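Peer 1: Quick one: sequence and predicted model below, then my questions.
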Amino acid sequence: MADQQGAVARLVTAFADLPGIGRRSAERLAYHVLMMPKDAALAFAAAIRAVKENLRPCRVCGNLAEAETCDICRNPKRDQATICVVEQVRDLLALEEAGTYRGVYHVLQGRVAPLEGKGPERLTLDSLTARVRQGGVQEVILATTPNVEGDATALLVAEALAGIPVEITRLARGLTVGASLEQANKEMLADALAGRRRWAD
């Protein structure tokens, strides 16, 4: 019995470690897993294992992929001349959910946050500039979070691309200042993309 209680406690702790999940929510999730049929619970565990074992960053854009490149980069219908620069994969997913953007992406894998010890060296700026220097890219959209850290990150990207003949735009400020892309609804994201403007404006 003690071993069973220990297993449940570990499951609750595992859920509680997830962002946005409090102790009570973790307990409810753990109880739900306990009540699931064994096959369903094992399928759930297998899905988590598959994600951790099979997904890796796309070698082109940094999106999650099961192959060397992601589905978006391999899609011939996507506009390779337009790159939307986002902080995290979850921002990419939010823009894809809006369903209006047809270009490709570049995931920075974070943003600058000096107070948290996160500097520009942790971002994938070098691979972005290399992509743009290869030619064929006409526009780079800066889609960082509309707050101080996001703006600082966008400025770093713009400075890294300075001197390269490419148009740099940013999302319109239809997004709420301080809000993250993943929290925005489809309409807000669609309007922000449609109303983007030159970085220097």
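Peer 2: Noted; the coordinates are in hand.

Peer 1: does residue 40 belong to a helix or a strand, and which?
Peer 2: helix 38-54 (DSSP states H and E).

Peer 1: And for residue 193?
Peer 2: Remark: residue 193 resides in helix 186-194, with elements defined by DSSP H and E.

Peer 1: And for residue 14?
Peer 2: helix 2-16.

Peer 1: Pull out the buried residues from that helix.
Peer 2: For helix 2-16, a neighbour-count test (16 or more other Cβ atoms under 10 Å) marks 11-12, 15-16 as buried. Bear in mind the C-beta positions are built from the backbone N, C-alpha and C, glycine included.

Peer 1: Turn these into CSV, including pLDDT and distance to residue 66.
Peer 2: Formatted as CSV, the buried residues of helix 2-16 follow (pLDDT from 0 to 100; distance: Cβ to Cβ, whole Å):
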residue, pLDDT, distance to residue 66
11, 91, 27
12, 92, 31
15, 92, 26
16, 93, 29
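
Peer 1: quick one: which of those residues is nearest residue 190?
Peer 2: residue 15 (33.6 Å; Cβ to Cβ).

Peer 1: OK, contacts around that closest one?
Peer 2: Residues in contact with residue 15 (Cβ atoms under 8 Å, 6 or more residues apart in numbering) are 21, 25-26, 29-30.
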